[in-house]
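J.: model this:
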Amino acid sequence: MRARQPIRVERVDRHDSFRRELQPFDVVEEHHRADHRRIRDGLRRRRQIEHVGVGEDLLVRQIRHEQTVGVRQALDQLPPDIFEPLPPGMRDRLGLVPRRVAVEESHFPPNEASVDELNAFRTPPQQRLIFEEFFLFQLGHAWRRHETSVEPKPWVPTVDDRIRQSAASVLPFKLTPGQRQAVKEIVDDMRSPAPMHRLLQGDVGAGKTIVALLAAIVAMENGLQVAFMAPTEILANQHFSNIARLLASSRFRVDLLTGSTPGLHKHTVTSHIERGSTHLVVGTHALVQEAVTFHKLGLVIIDEQHRFGVEQRATLREKGLRPDVLLMTATPIPRTLALTDYSELEVSKITDLPPGRKPVRTLVKPESRRDEVFALIREELDRGRQAYVVYPLVEESEKIDLRSATEMADHLQAEVFPAYRVALLHGRLKQDAKDHVMQSFIAGHVQVLVSTTVVEVGVDVPNASVMVVEHAERFGLSQLHQLRGRVGRGAWESYCVLLYQAPWTDDARERLKTMASTTDGFVIAERDLELRGPGDVFGTRQSGLPKLRTGDLVRDRDIMESAHHEARRLVEEGGLSEELRSFVQQRWQEQFGLIEVG
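T.: The predicted structure follows:
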């Protein structure tokens, strides 16, 4: 006789496997919302199932039967004419099925429906619900963008031959076609009565800073002040040095204001800003939030900031300011994510590199071949070049086998490159120590810089020709691409060596394979999105990624493009009805977790 199985208590989420299919019910019209919530909550409820010797197949069949009955009951309680958020003309033009049909047939497909299309979410009912979700999300962004644009800025710059000549006089080189197009788009926005909200994308080394500086000159020549913000003090100091050098022969005063600025000097700088005698101030992102009063702020430039959103713009408005805002990033953003996280912004891209730049050679090697890598570094140092060696940790860890940057810096100096000077840079150093190390490397007094990823963003040393990344298998694609961008800024051939340690995961192998196959940051960004998914690329909590129920940002990117276009078109043509606007606002509050749309 078969032994009796012990009693087991399991928590089974009867809704999880059906989550994507059930969520469309959340879009029923308001007067059915209470009944729907009762049904939906019943379907979602986690139950404790106590069973004695019940086979798993029987349990699964029981759950599926209850699910089917529950879904059928929910559908039967919906009226035949549920609220239709898509305008009839749009629905007809795009060939989308009615909403009631989409909800019904997504759960109970007709017999002739293709199983392959169902599994790929490509049937007409599924496509309709995916488009609707994307459209409502984009409609909220489009409306907020419209509301922002109707509040005019206090000062609208103009451009004449004098200003064009002033801008041309600071150019250290001829602009690329991509840079010229970006300048045109930015200046056109600045000349508009509506405040500019534009994102400037460009691969590492594409020359975004000079484009931003030209926009700054247009603002300053019109009597307006410019705030140029960077994410770190190292980068702020670098921008200040470069901008001050380029504007040295101009009439414009450039100041630096960071957390490390001494108190007396900080008071002097803030006084100049308040009087208007400082024309351009470089600082960290706290610049707009601290007690800094601008005389006539007309342009804010934010470098390497993934998100400068509603709160920061609200801070500017609270100060009575509505400046033009230009965001810059060298972390290429996949088009699909640009339509979510940055949907309210216009986007400019610089896809070409300045003339004379050579692509960086990327080598993927196991750490057992470290001596070959050190030999390559030595050859480059003998030619007068410099090198980075990047480690993921600052101190030894017993939990994970990573080399310590501190320990290795001593080893490289004493045993590997005794004829050259090796220095260490990491995030725990005090600011003055960081500045000293970085300035020594920029000046060429240090030949090998051992560092954690604090060199990832923005550091510009054209003489550096080798980037070695230890334990590259532990870095993400975006990080690796940023690190590679620290070299290849001079006229000579440069190398990026990715050292890995076995065993490594399939994903790690794919990341390093991608790095070796292309230097195009936009291609790398799309591949990163495919490998990690949208929630991990920026971090869902920190970003503006929507909490999607039916759509998928990777699978359905073409539908997101269409929804973005249709939402902007509807708002710009004045076709957004009061009923639909109210529905969108309620949907944003419930699904996307935002308090306001406009």
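J.: got any ranges where the stretch 201-350 of the chain has weak pLDDT?
T.: 286, 289-290, 305-314, 316-320, 341 (pLDDT under 70).
J.: any chance you could map the helices in it?
T.: 208-221, 233-246, 263-275, 310-318, 335-338 (DSSP state H, counting those that start in this stretch).
J.: Tell me which of these sits nearest to residue 90.
T.: Residue 90 sits nearest to helix 335-338 of all the helices of the stretch 201-350 of the chain, at 21.1 Å, using CB to CB. Quick note: C-beta positions are derived from backbone N, CA and C, even for glycine.
J.: What is the closest one packed up against?
T.: Counting contacts by 3 or more CB pairs under 8 Å, 6 or more residues apart in numbering; DSSP states H and E, helix 335-338 packs against helix 521-532, helix 534-538, helix 557-572.
J.: Turn these into JSON lines, including distance to residue 489, mean neighbour count and mean pLDDT.
T.: Putting these into JSON lines (distance: least, CB to CB, whole Å; neighbours: other CB atoms under 10 Å; pLDDT from 0 to 100) gives the following:
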{"stretch": "helix 521-532", "distance to residue 489": "15", "mean neighbour count": "20", "mean pLDDT": "83"}
{"stretch": "helix 534-538", "distance to residue 489": "26", "mean neighbour count": "18", "mean pLDDT": "51"}
{"stretch": "helix 557-572", "distance to residue 489": "33", "mean neighbour count": "19", "mean pLDDT": "89"}
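J.: who wins for proximity to residue 550 among those?
T.: helix 557-572 (10.1 Å).
J.: Touching the closest one from outside, list them.
T.: 87, 90, 94, 127, 130-131, 134-135, 137-139, 141-143, 145-146, 335-336, 339-340, 343, 551, 553, 576 (CB atoms under 8 Å, 6 or more residues apart in numbering).
J.: likewise stretch 429-436?
T.: Residues contacting stretch 429-436 (CB under 8 Å, 6+ apart): 233-234, 237, 259-260, 425, 437, 454.
J.: re earlier: would you mind telling me which of the helices and strands packed on helix 335-338 is nearest residue 150?
T.: helix 557-572 (11.2 Å).
J.: CA-only coordinates of that closest one in CSV, if you can.
T.: Extracted in CSV, the C-alpha atoms of helix 557-572 (Å, rounded to 0.1, in the frame of the first residue of the first chain):
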residue,chain,number,x,y,z
ARG,A,557,9.1,48.7,-29.5
ASP,A,558,7.4,49.3,-32.9
ILE,A,559,4.0,49.7,-31.1
MET,A,560,5.6,52.2,-28.7
GLU,A,561,6.9,54.2,-31.6
SER,A,562,3.4,54.3,-33.1
ALA,A,563,1.7,55.2,-29.8
HIS,A,564,4.2,58.1,-29.2
HIS,A,565,3.5,59.5,-32.7
GLU,A,566,-0.3,59.2,-32.3
ALA,A,567,-0.4,60.7,-28.8
ARG,A,568,1.6,63.8,-29.8
ARG,A,569,-0.4,64.2,-33.0
LEU,A,570,-3.7,64.1,-31.0
VAL,A,571,-2.6,66.7,-28.4
GLU,A,572,-1.0,69.0,-30.9
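J.: Dump the contacts of stretch 429-436 to TSV, plus neighbour count and distance to residue 372.
T.: Shown next, in TSV, are these (neighbours: other CB atoms under 10 Å; distance: CB to CB, whole Å):
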residue	neighbour count	distance to residue 372
233	18	36
234	22	31
237	20	36
259	12	42
260	16	41
425	25	25
437	21	27
454	19	27
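J.: picking that back up, what's the closest of the helices and strands packed on helix 335-338 to residue 296?
T.: Nearest to residue 296, of the helices and strands packed on helix 335-338 and by CB to CB, is helix 557-572 at 30.8 Å.
J.: Would you mind listing the buried residues in stretch 363-378?
T.: By 16 or more other CB atoms under 10 Å, the buried positions in stretch 363-378 come out as 363-365, 373-374, 376-378.
J.: hmm, back to that, to residue 353, which of the helices of the stretch 201-350 of the chain lies closest?
T.: Going by CB to CB, the one of the helices of the stretch 201-350 of the chain nearest residue 353 is helix 208-221, 11.5 Å.
J.: which helices and strands sit right next to the closest one?
T.: By 3+ CB pairs under 8 Å, 6+ apart, helix 208-221 packs against helix 161-168, helix 177-190, strand 197-202, strand 225-230, helix 233-246, strand 297-303, strand 324-329.
J.: What residues does residue 380 make contact with?
T.: Applying CB under 8 Å, 6+ apart, the residues near residue 380 are 386-387, 465-466, 495.
J.: again, only using 7 Å
T.: With contact taken as CB atoms under 7 Å, 6 or more residues apart in numbering, residue 380 is in contact with 387, 465-466.
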